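Participant: generate coordinates for the sequence data below:
(one chain, ligands or ions: 3)
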Amino acid sequence: MAQTITFSRNVFLPLTNVCANACGYCSFKAPVGDGCVMPESEVLATLKRGSEFGCTEALFTFGERPENEPGFRQYIERAGYPDILSYCMAMSRAAIDLGMLPHTNAGILTYEEMERLRNVNASMGLMLETTAEVPAHRHSPGKDPAVRIQMLADAGKLKIPFTTGLLLGIGETVADREESLMVIRDLQKQYGHIQEVIIQNFCPKPGTEMADTPGATADDIRETLMMAAEILPKSISIQIPPNLADASALLSCGVTDLGGVSPVTIDYINPEHPWPALDALRDIASGYELRERLCVYPQYCNAEWIAPELLPLVQRLANQTYGL
Ligand SMILES: O=c1nc2n(C[C@H](O)[C@H](O)[C@H](O)CO)c3cc(O)ccc3cc-2c(=O)[nH]1
Ligand SMILES: C[C@H]1O[C@@H](n2cnc3c(N)ncnc32)[C@H](O)[C@@H]1O
Ligand code: SF4
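Facilitator: Numbering: from 1, shown residues only. Ligands and ions are numbered 1, 2, ... in the order given. Below is the predicted model of the structure:
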């Protein structure tokens, strides 16, 4: 029987580009100013299009702790919300009303913030990136490995189905990658909430500090995937982004998932890399059985992991998608 490769059909909603960190590889971050908060009308229109295209996931990914940036408050208040988390929660409810499951990667959140967001999010994400201290994170207090690991542990305590991952090629060594994977394995042993690990390759962006640093090579990716398959328990899915790497050549290295793919929105973090269309995805996964999944994996589709407000929708979609 052919092995299965999964993906999630999503809409990507970058609620704000404002960010308190300044990672050396990032072209997503933008200064406070007009247009720095995605207007509610645009979020709602995008969600609506997503539901029309059969998307099951609303992916909210945005700058970390934007309120720490001078002047941001004024913009979020003008949009009608006291802070970005309240806006994200309201837009999550709008997604739920349209039949889509919210998944948020807001960077670092406190235990209390995640506890609030959990009421309206089926799953959440935070890339560990790396356990190494790298120059690219010199101006990013939120990328301190201890801070990221603490948040991953808090999410475990809160029983939030979780996505994390490694960013390859940002100054870490092979030993650092191994250590990062072992940290994720240990978190999984303790809490059981890690549903997937993304092995993401850094792609250089013009105008950034790391513009001239070459991206992670296919060999780096392949080697790390094999390490991940060896270190991580089988309960964790291994994801590569099909728009950033040559996915078809990598599938045999233990990859089980192609992540979020959108028929409606671009990848705002890597805008120069368009999503493959569904047909192209089938080509990439040729020889495998390509199957759509939700942002929550089957073993988490129950009241232990999902808040009451979301449970009916999760159960309905899990029935359609997984036959549960
Ligand atoms: O939890 C995360 N999910 C990320 N995802 C989402 C991920 O691919 C899926 O939404 C999850 O697999 C849902 O389970 C992305 C999706 C995109 O379309 C583009 C970029 C990302 C990046 C992340 C990420 O950093 N963290
Ligand atoms: C949301 C996630 O996007 C990733 N990210 C940020 N910048 C880049 C880049 N230039 N190339 C690839 N991935 C990137 C980080 O891993 C972050 O956690
Ligand atoms: S990668 Fe995320 S945390 Fe880093 S600067 Fe970009 S938006 Fe901010």
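Participant: CA only for contacts and neighbour counts going forward, please
Facilitator: OK.
Participant: ok and the residue in the stretch 51-200 of the chain nearest ligand 3?
Facilitator: Nearest residue of the stretch 51-200 of the chain to ligand 3: residue 63, at 4.2 Å (Cα to the nearest ligand atom).
Participant: and that residue, how far is that from residue 282?
Facilitator: 32 Å (Cα to Cα, to the nearest Å).
Participant: ok, these two, which is more surrounded?
Facilitator: residue 63 (23 against 16; other Cα atoms under 10 Å).
Participant: assign that one to helix, strand or coil.
Facilitator: Using DSSP: H, G, I helix; E, B strand; the rest coil, the structure places residue 63 in coil.
Participant: chain neighbours aside, what residue packs nearest to it?
Facilitator: Nearest non-adjacent residue to residue 63, counting by Cα to Cα, 6 or more residues apart in numbering: residue 19, 4.2 Å away.
Participant: the one you found against residue 70, yeah?
Facilitator: No - look at residue 19 against residue 70 with Cα atoms under 8 Å: they stay out of range, at 10.8 Å.
Participant: quick one: which of the two has more around it?
Facilitator: residue 19 (24 against 11).
Participant: could you pull up the residues touching the more buried one?
Facilitator: Contacts of residue 19 were listed using Cα atoms under 8 Å, 6 or more residues apart in numbering, and they are 29, 30, 62, 63, 64, 65, 66, 69.
Participant: mind running it again at 7 Å?
Facilitator: Contact partners of residue 19, counting by Cα atoms under 7 Å, 6 or more residues apart in numbering, are 29, 63, 64, 65, 66.
Participant: and which of the residues you listed is nearest residue 98?
Facilitator: Distance to residue 98 across those (Cα to Cα) is lowest for residue 63, with 24.9 Å.
Participant: distance of the closest one relative to ligand 1?
Facilitator: 11 Å (Cα to the nearest ligand atom, to the nearest Å).
Participant: does any bit of the lengthiest strand in the chain sit next to ligand 2?
Facilitator: Longest strand of the chain, by residue count under DSSP state E: strand 4-13. No - using Cα under 6 Å from any ligand atom, strand 4-13 stays clear of ligand 2, coming no nearer than 11.4 Å.
Participant: if anything else comes up later, I'll come back, but that's it for now.
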